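Colleague: requesting a structural model of the entry that follows:
(chains A and B)
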Amino acid sequence: MQQQTFWSIRSAEGPIAAPLDAALELGAYEALWSEHNASFKSIAERFRDRPGMRPSDLVPAEEARAVAARVLAKLRCRTGRFDIRVHGETEYPERLRDATHPLELFYFQGNWALASTPAVAVVGTRKPSDEAVQRARHLARKLVEDGYTVVSGLAEGIDTAAHEAALEAGGQTIAVIGTPLGQVYPKSNAALQERIARDYLLISQVPVERYEAQNPRTNRFFFPERNKTMAALTEATVIVEAGETSGTLVQAREALRQKRKLFIMNSCFERGDLTWPARFEQEGAIRVHSYADVRRELVGAA
Amino acid sequence: MPTSDVSWSGRLRIIGDLERPDHWHLEADDQCAFFGEYTPREGWRYSATNQLILNLKKRPSVARGTPQWPHKLKAIRDVAAAIRSSLTPEALATSLFVPIPSSKTPDHPDFDPRMLAVARAIGAPARAADVLRTTADRLAMHESADRREPDALEATLEVLPSAIPADIERIFLLDDMITTGCSFKVCKGLLQPHVSGKPIIGLFASRRVLPDPFAAFDDLEF
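Modeller: Presented below is the predicted three-dimensional model:
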């Protein structure tokens, strides 16, 4: 395409040293995802120890352009304007490199400046008790009062409660979703997702073409992957309520691995059927009885 | 502290197929590149690019002689350093850096040749010249209610072709922010008759993004 000839992408001939063409990188990244057995792990491994390498270094430019044109057209038609962050550009948050499988590229809509705000993730089960919903809402409100952006995964249950309470309190929220932009799960969150995309910040690391080529059963593996991104994006994660096999525990593990603070609500410890709270406490998680315990750790004052 | 990416280190991203609709005066053969993104919304104070742009834009009439002034000077140095480190040595030696002029004439208290200061701070062997000048005051973009129309803008600018060295291979037009691309298009159009087909490339410290994804592209103001 035209752009390529003007910039002599990655060649020594252009006046700009290695200019980054986001559309080209998007196409290349989507193409990498079309390869057999591609995963966040396998892709991250290809970039590990190779600073400066980009998706476009691994995919023929013509193929990357063709994929980019398809994905751009599809997403714009489905969901309007969007942008991406690519590792190596000024606005890519370096703290995302702390993740076990750092993202080379991801999609977003909304106000990117929110990604620089102090943020705490509030996450938990899709099928919470009423008490847990109330706790999540209270926590989100209090975090907003202290100037934190509330990050969650826009799933049913705790995630939805956290986003909604943050907004009701006049605060900021970031949703990291487990579907591509323009796809909603659960459907009941369509309006909330649209609101977050318009007025706040919606992030998706899910490749558009791969998602469409796979069945829903396989696609559900994208959900816990986005928990790792939430851990990396925030300075702390609070688990409100989660079962023994919850995807939330992926985030717990990841937060500790990334040296982020992990708070677990005391009510989780009181459940005799759960072994994970004690296990994570042993590994460094902080048991919290009230918001004051969270606050003491985050801002240093009760 | 994991949540603060405090440094502003520039790497150039081009305005390509993904970004171009946000800057609708640009056409596919316009070459422009930017470092960060400026978001005119809540959260600005945490964003390193937003901070840099606000420091860069501090009005001389308000900030000079105050503790704010060194921040402006630092922003000028940071942008110049980012440009220098993003261009090949060969490009530095063979390019002319031309600021897109301030909206005010030199007699106005808010005359602010900050991009000329950036161009000069890039340093040798790069060359800088204010080939384009403002001959009538305009409202700054963020104060103006109207879209900037190319003809109206062009009427307030003059070009000094004698300030363009004959041996350059390209011109880089510099500005702190690209919004619609109108200024770039007008300035490029004014320079083109004087550069015998050599490339004119826009370099911007930031691009302004309007976050609402559902606003139609042609409804976007600014």
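Colleague: quick one: the helices in chain A?
Modeller: All helices of chain A, identified by DSSP state H, fall at A:2-7, A:22-33, A:40-47, A:61-79, A:130-145, A:158-168, A:190-199, A:208-213, A:216-219, A:222-233, A:248-257, A:266-269, A:276-282, A:291-299.
Colleague: average pLDDT across the first one?
Modeller: Spelled out, it's helix A:2-7. For helix A:2-7, mean pLDDT is 44.
Colleague: give me the low-pLDDT residue ranges for chain B?
Modeller: Along chain B, segments meeting pLDDT under 70 span B:1-7, B:10, B:42-43, B:140-148, B:216-222.
Colleague: quick one, longest helix in it?
Modeller: When chain B is parsed with DSSP H, its longest helix is helix B:69-86.
Colleague: for that helix, packing partners?
Modeller: strand B:31-38, helix B:48-56, helix B:114-121, strand B:170-178, strand B:200-208 (3 or more CB pairs under 8 Å, 6 or more residues apart in numbering or on different chains; DSSP states H and E). C-beta here means a position set from N, CA and C on the backbone, and glycine is covered the same way.
Colleague: report the next helix or strand after the third one in sequence order.
Modeller: This points to helix B:114-121. Downstream of helix B:114-121, the first helix or strand assigned by DSSP states H and E is strand B:127-128.
Colleague: quick one: strands adjacent to that next one?
Modeller: strand B:95-99 (parallel) (DSSP bridges).
Colleague: can you mark which positions in the partner strand are buried?
Modeller: Neighbour-count burial for strand B:95-99, with 16 or more other CB atoms under 10 Å in any protein chain shown as criterion, is recorded at B:Ser95, B:Leu96, B:Phe97, B:Val98, B:Pro99.
Colleague: quickly list what the second one is bridged to.
Modeller: Which is B:Leu96. Here B:Leu96, judged by DSSP bridges, has bridge partners B:Arg127, B:Ile171.
Colleague: how about it, what does it touch?
Modeller: Residues counted as contacts of B:Leu96 (CB atoms under 8 Å, 6 or more residues apart in numbering or on different chains) are B:Arg127, B:Ala128, B:Ala129, B:Val131, B:Ile164, B:Pro165, B:Ile168, B:Arg170, B:Ile171, B:Phe172.
Colleague: which among these gets closest to A:Glu156?
Modeller: Distance to A:Glu156, by CB to CB, is smallest for B:Phe172 among the contacts of B:Leu96, at 51.4 Å.
Colleague: list the contacts of the closest one.
Modeller: By CB under 8 Å, 6+ apart, the contact set of B:Phe172 is A:Pro15, B:Ile83, B:Ser95, B:Leu96, B:Phe97, B:Val98, B:Ile201, B:Gly202, B:Leu203.
Colleague: how many neighbouring residues does A:Glu209 have?
Modeller: 17 (other CB atoms under 10 Å in any protein chain shown).
Colleague: for A:Lys74, see how far away it is.
Modeller: 8 Å (CB to CB, to the nearest Å).
Colleague: same check on A:Ala99?
Modeller: A:Ala99 sits at a distance of 27 Å from A:Lys74 (criterion: CB to CB).
Colleague: please apply the same query to A:Asp273.
Modeller: Taken as CB to CB, the span from A:Asp273 to A:Lys74 is 44 Å.
Colleague: B:Pro106 is nearest to which of the helices of chain A?
Modeller: Closest to B:Pro106 of these is helix A:2-7 (CB to CB; 35.1 Å).
Colleague: mind listing what the residue most central in space within chain B touches?
Modeller: In chain B, the C-alpha nearest the mean C-alpha coordinate belongs to B:Asp175, at 1.0 Å (CA atoms, centre = their mean). If you count contacts by CB under 8 Å, 6+ apart, B:Asp175 has them with B:Pro99, B:Ile100, B:Met115, B:Ser183, B:Phe184, B:Gly202, B:Leu203, B:Phe204, B:Ala205.
Colleague: how about 7 Å then?
Modeller: Residues in contact with B:Asp175 (CB atoms under 7 Å, 6 or more residues apart in numbering or on different chains) are B:Ile100, B:Met115, B:Ser183, B:Phe204.
Colleague: excluding chain neighbours, what is closest to the third one?
Modeller: Once its chain neighbours are removed from consideration, B:Ser183 has its nearest residue in B:Ile100; the separation is 5.1 Å (CB to CB, 6 or more residues apart in numbering or on different chains).
Colleague: what's the answer for the second one, then?
Modeller: The shortest distance from B:Met115 to any residue other than its chain neighbours is 3.4 Å, reached at B:Pro99 (CB to CB, 6+ apart).
Colleague: picking that back up, including distance to A:His87, could the contacts of B:Phe172 go into JSON lines?
Modeller: Compiled in JSON lines, the contacts of B:Phe172 are given as follows (distance: CB to CB, whole Å):
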{"residue": "A:Pro15", "distance to A:His87": "23"}
{"residue": "B:Ile83", "distance to A:His87": "22"}
{"residue": "B:Ser95", "distance to A:His87": "28"}
{"residue": "B:Leu96", "distance to A:His87": "33"}
{"residue": "B:Phe97", "distance to A:His87": "29"}
{"residue": "B:Val98", "distance to A:His87": "32"}
{"residue": "B:Ile201", "distance to A:His87": "25"}
{"residue": "B:Gly202", "distance to A:His87": "24"}
{"residue": "B:Leu203", "distance to A:His87": "22"}
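Colleague: pick the one among the buried residues of strand B:95-99 closest to chain A.
Modeller: Comparing the buried residues of strand B:95-99 against chain A with CB to the nearest CB places B:Ser95 closest, at 6.5 Å.
Colleague: wait, the closest one sits on B:Pro125?
Modeller: No: contact criterion CB atoms under 7 Å: B:Ser95 and B:Pro125 do not qualify, at 9.4 Å.
Colleague: quick one: low-confidence ranges for the stretch 51-200 of chain A?
Modeller: For the stretch 51-200 of chain A, no stretch has pLDDT under 70.
Colleague: touching the one helix or strand B:Glu90 maps to from outside, list them.
Modeller: Under the criterion of DSSP H and E, B:Glu90 resides in helix B:89-94. Helix B:89-94 is contacted by residues A:Pro15, B:Arg84, B:Pro125, B:Ala126, B:Ile168, B:Glu169 when judged by CB under 7 Å, 6+ apart.
Colleague: can you tell me which residues contact B:Ser103?
Modeller: By CB under 7 Å, 6+ apart, the contact set of B:Ser103 is B:Thr134, B:Asp137, B:Arg138, B:Leu139, B:Ala140.
Colleague: just put those in TSV and tack on secondary structure, neighbour count and distance to chain A.
Modeller: Below are these laid out as TSV (DSSP: H, G, I helix; E, B strand; the rest coil; neighbours: other CB atoms under 10 Å in any protein chain shown; distance: CB to the nearest CB, whole Å):
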residue	secondary structure	neighbour count	distance to chain A
B:Thr134	strand	20	27
B:Asp137	coil	15	31
B:Arg138	coil	19	27
B:Leu139	coil	12	25
B:Ala140	coil	14	21
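Colleague: ok, so of these, who is nearest A:Val294?
Modeller: Distance to A:Val294, by CB to CB, is smallest for B:Ala140 among those, at 43.7 Å.
Colleague: please consider this matter closed, and thank you.
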